[in-house]
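In: okay, here's the prediction I keep looking at, along with the sequence it came from:
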Amino acid sequence: MASLTETFVAAVELLVSGDDALWAIIGVSFRVSFSALVLAIVPATLIGFALAYWRFPGRWLLLSLTHTLMAVPTVVVGLILFMLLSRAGPLGDWRLLFTQDAMIIGQFLLCMPLLVSMSHSAFQGADKRAWETAKMLGASPFRCLWVLMLEVRYALYACFIAAFARIIAEVGCAMMVGGNILNYTRSITTAIALETLKGEYAQGVALGLVLFILAMVLNVGMGLLRGKGQLASR
């Protein structure tokens, strides 16, 4: 077994050399996670707005359900989706199991509760006068919503970053519904798990470095957005 230093050096060399297999795995992760985030942003933002500004029966139940779903382990979401998409399941005819589409659906379900909860908090913290002023000036409901979104844009940006960080780093759901197929559904996290079991630590460390760098960039981005949001609210 190679030393830690040798493994780390080999991992860096894999990244710098542009290893095709390594970057294909990275590409799958980013493609799947970004697609899931894009699909979830609009419905989640609208639901978050509705929960913050509308009063309707069952509102607090829906909020409680959203917060509960945030705590559900990713492997449980993967298990439920696996049973739905398997041949014996009600959605088996779709033939989505062990595809990137299934991974996108799983990550969509994982990031929706977080997006709804954080966008709800962002809209609740907005200055209500922005919405009321836009209505008084005769703006359409969608125009009023756009004005309000601009008012809380930094909080929404932070919400999107947090959701992306959650889904690109998850392993349970991706493994369950993706199947970890080489050059097709093998993502960063599932590849790390596989390569570690095989004793191929260099590739696992290289992929771990990608996640570490991504986490650092996303956290710095969220910190900058929080600072801009605080300055904008003064």
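Out: Here it is on my side, so go on. Remember, predicted model here, so these are calculated numbers, not experimental data.
In: how far does stretch 47-65 stretch from start to finish?
Out: 13 Å (CA to CA, to the nearest Å).
In: over to stretch 68-79?
Out: Distance between the boundary residues of stretch 68-79 (CA to CA) amounts to 17 Å.
In: in it, what counts as buried?
Out: Within stretch 68-79, the residues that qualify as buried by neighbour count (16 or more other CB atoms under 10 Å) are Leu69, Met70, Thr74, Val75, Val77, Gly78. C-beta coordinates here come from the backbone N, C-alpha and C atoms, glycine included.
In: hmm, Gly208 and Val12 touching each other?
Out: No. With contact defined as CB atoms under 8 Å, Val12 does not count as touching Gly208 (11.7 Å).
In: looking at these two now, which is surrounded by more residues?
Out: Gly208 (17 against 14; other CB atoms under 10 Å).
In: let me see the contact set for the more buried one.
Out: By CB atoms under 8 Å, 6 or more residues apart in numbering, Gly208 lies in contact with Ala11, Ile192.
In: so it, which state does it fall into?
Out: helix (DSSP: H, G, I helix; E, B strand; the rest coil).
In: who's in contact with the worst-scoring helix or strand of the chain on mean pLDDT?
Out: In the chain, no helix or strand scores lower on mean pLDDT, DSSP states H and E than helix 128-136, which sits at a mean of 79. Identification of contacts with helix 128-136 by CB under 8 Å, 6+ apart yields Tyr53, Arg143, Cys144, Val147, Leu148, Glu151.
In: ok, for the second one, nearest residue in space, not its chain neighbours?
Out: If I follow you right, that is Arg143. With CB to CB, 6 or more residues apart in numbering as the criterion, Arg143 has its nearest non-adjacent residue at 6.5 Å, and that residue is Ala134.
In: can you map out the helices along this structure?
Out: Taking DSSP state H, the helices of the chain run over residues 4-17, 20-53, 59-70, 74-85, 100-124, 128-136, 141-151, 153-168, 172-178, 188-198, 201-233.
In: buried residues in the first one, which are they?
Out: Applying a neighbour-count criterion of 16+ other CB under 10 Å, the buried positions in helix 4-17 are Thr7, Phe8, Ala10, Ala11, Leu14, Leu15.
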